[in-house]
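Trainee: Provided below are the primary sequence and the corresponding predicted coordinates.
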Amino acid sequence: MTARLELLFTAAVGVIVLPLYAPQPLIDRIGPSLGFSLRTESLIAMASMAGYAAGLVLLVPLIDVFENRRAVLSTLLADVIALASVAAAPAPALFLLAVFAVGFATSAIQMVVPVAANLVGEAHRGRLIGNVMSGLMIGILVSRPLASFAADAFGWRGAYALDAVAVAGVGLALQRVLPRRRPAAGVTYAALIASLRMLLTEQPVLRRRALYQALCMAAFGIFWTAVALRLAAPPFGLDLVGIALFALSGVGGAIIAPIAGWAGDRGWTTPATRLAHATVIAALLLAGAAGAGWFGLDPSAQPGLSLGLLAAAAIMLDIGVIGDQTLGRRAVNLACPQARGRLNGLYTGLFFVGGGVGSALAGIAWAQAGWTLVCIVGIGFVAMALALSSMERSDAAVGNG
């Protein structure tokens, strides 16, 4: 494992994840062009995350059964075909099916990471995984602004076509460096899938942390799916470039990941989790004030201030969600080290279901009562997470999870 090869793996996961969140800022372009209604537009953002969750549970275990290089490259090829199908989709149903397939194939990320980890010794494996996963985090945070910039220049279909070209380039690059690795014989796909259910039953830390993050991701999904609609409406009236620049504000939330990990290492997982949940609630209250005039603030009278406060709310939201996710991933990894891969796949897959639910509700909430209901529903999700984490015993009593 050279520094150049490590950089390739880091860049690869960052590129592969780009289409996952791309639909969120493009709803107001994709929806009208394909005939989606206000109530069904949010399915555009939900479909990719639902596909990703399904892929984590059903597709990623294939690397424990089939030759790894072939599994990764075949999945990336399917991703390219799915992205091209999205770009050419003529109708809503075909579009949603293709976007679901994109999310499903995007789970190749969780195949690439363990393959890369197997190329280094145990002493350096943690550092490598952390560096590669940083590429994933950066890809997630810049996916929305990049999608907006690309759609502004080439249209939303052109943006997906560019994603297809980028993923094809990643596949060609990985094809040159991925080693052939055949798993030990005797493990069947059916047995692996059955073991996922057993792990979910036997690991209370997994169930608890996945539920917390699913509720946080539901708030994350409803905010980032609907905020493009709010920013395009008066008094802001932002175009795609303006929405893209706004989405860059969320990148600031990435600063919390190492801090949350440090807090977990010092035994502060439970209080840090509650603080993360409270931060998301505060962010949505601020978003309600900035976008819906809560607490006496009038966005139409002070659009500049309101836009700034909305950007601050986005940063706070990402800080809370990423903080909870980092604490949860650490706790899950400590729960059962010999099943770390499957636990990570389950944890990630389950909380992406929450993100999909939040995205799906965004259109309904927006159509019913606009930004006010969007923020109220988001607060409701995280209030449940805070209530559950407040009932949790001390870190020492629950194995620091």
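Mentor: Great, that's in hand.

Trainee: in what helix or strand does the nearest residue to S249 once chain neighbours are set aside lie?
Mentor: Nearest non-adjacent residue to S249, counting by CB to CB, 6 or more residues apart in numbering: A311, 4.2 Å away. C-beta: built from backbone N, CA, C; applies to glycine. Assessed by DSSP states H and E, A311 sits inside helix 303-335.

Trainee: counting contacts, what elements does that helix pack onto?
Mentor: Counting contacts by 3 or more CB pairs under 8 Å, 6 or more residues apart in numbering; DSSP states H and E, helix 303-335 is packed against helix 204-232, helix 240-247, helix 256-265, helix 269-292, helix 340-390.

Trainee: out of the ones you listed, nearest to R39?
Mentor: Closest to R39 of the helices and strands packed on helix 303-335 is helix 340-390 (CB to CB; 5.0 Å).

Trainee: and the closest one with helix 269-292, angle?
Mentor: 70 degrees (axes from the mean of the first three to the mean of the last three CA atoms, to 10 degrees).

Trainee: can you tell me the average pLDDT over helix 340-390?
Mentor: Averaged over helix 340-390, pLDDT sits at 90.

Trainee: low-confidence regions, the stretch 51-200 of the chain specifically.
Mentor: 121-131, 133-134, 184-186 (pLDDT under 70).

Trainee: quick one: closest of the helices and strands packed on helix 303-335 to F154.
Mentor: Relative to F154, the nearest member of these by CB to CB is helix 240-247, separated by 11.1 Å.

Trainee: the closest one: how far from the chain's middle?
Mentor: Remark: helix 240-247 is offset 19 Å from the chain centroid, using CA atoms, centre = their mean, to the nearest Å.

Trainee: before we move on, what about stretch 370-387?
Mentor: For stretch 370-387, the distance to the chain centre is 19 Å (CA atoms, centre = their mean).

Trainee: in it, what's buried?
Mentor: Residues of stretch 370-387 classed as buried by neighbour count (16 or more other CB atoms under 10 Å): 370-375, 377-379, 381-386.

Trainee: sort out which one of these lies nearest M217 for me.
Mentor: So of these, ranked by how close each gets to M217 (CB to CB), first place is F381, at 8.7 Å.

Trainee: I'd like to check what contacts stretch 82-100. Which residues are they?
Mentor: 19, 23, 30, 34-36, 40, 43-44, 47-48, 50-51, 54, 101-102, 104-105, 157-158, 160-161, 163-164, 167 (CB atoms under 8 Å, 6 or more residues apart in numbering).

Trainee: at 6 Å instead, please
Mentor: Outside stretch 82-100, the residues that touch it by CB atoms under 6 Å, 6 or more residues apart in numbering are 34, 36, 47-48, 51, 101-102, 105, 157, 160-161, 163-164.

Trainee: one more: stretch 197-213?
Mentor: Outside stretch 197-213, the residues touching it (CB under 6 Å, 6+ apart) are 324-325, 328, 331-332, 335, 339, 342-343, 347, 350-351, 385, 401.

Trainee: farthest pair in those residues?
Mentor: The two members of the contacts of stretch 197-213 with the most space between them (CB to CB) are A339 and A385, at 24.9 Å.

Trainee: how does this structure divide up, domain by domain?
Mentor: 1-187, 195-401 (automatic domain parsing).

Trainee: what's near enough to touch the nearest residue to W366 once chain neighbours are set aside?
Mentor: Take W366 and drop its neighbours on the chain: the residue closest to it by CB to CB, 6+ apart is A226, 5.1 Å away. By CB under 6 Å, 6+ apart, the contact list for A226 reads A362, W366, V374.

Trainee: in the contacts of stretch 82-100, find the pair that's most separated.
Mentor: Across the contacts of stretch 82-100, the longest distance by CB to CB is 22.9 Å; it joins F36 and A105.

Trainee: C-terminal to the longest helix along the chain, what's the next element?
Mentor: Criterion DSSP state H: the longest helix present in the chain is helix 122-177. Remark: after helix 122-177, the chain's next helix or strand is helix 189-202, criterion DSSP H and E.

Trainee: still on that earlier bit, which of the buried residues of stretch 370-387 lies closest to E6?
Mentor: For those, the nearest to E6 is A385 (35.0 Å; CB to CB).

Trainee: the closest one reaches A214, doesn't it?
Mentor: No: with contact defined as CB atoms under 6 Å, A385 does not count as touching A214 (8.6 Å).

Trainee: could you check the angle the longest helix of the chain makes with helix 240-247?
Mentor: 160 degrees.

Trainee: report the inter-axis angle for helix 122-177 versus helix 256-265.
Mentor: Using the same axes, to 10 degrees: helix 122-177 against helix 256-265 is 150 degrees.

Trainee: which stretches of the stretch 201-350 of the chain have low pLDDT?
Mentor: Scanning the stretch 201-350 of the chain with the threshold set as pLDDT under 70 gives 337-338, 340-341.

Trainee: count of neighbours near I259?
Mentor: By the criterion of other CB atoms under 10 Å, I259 has 14 neighbours.

Trainee: which residues are in contact with the residue nearest to it when sequence neighbours are not counted?
Mentor: Distances taken as CB to CB, 6+ apart place G323 nearest to I259, at 7.6 Å, with adjacent residues excluded. Residues near G323 by CB under 6 Å, 6+ apart: I256, A260, A276.

Trainee: distance to R69 and neighbour count added to these, as CSV?
Mentor: CSV is the format used below for these (distance: CB to CB, whole Å; neighbours: other CB atoms under 10 Å):
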residue, distance to R69, neighbour count
I256, 35, 23
A260, 34, 25
A276, 38, 29
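
Trainee: same list (those) but as a markdown table, adding distance to L248.
Mentor: A markdown table is the format used below for these (distance: CB to CB, whole Å):
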| residue | distance to L248 |
| --- | --- |
| I256 | 17 |
| A260 | 22 |
| A276 | 22 |
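
Trainee: that concludes my questions; thank you for your assistance.
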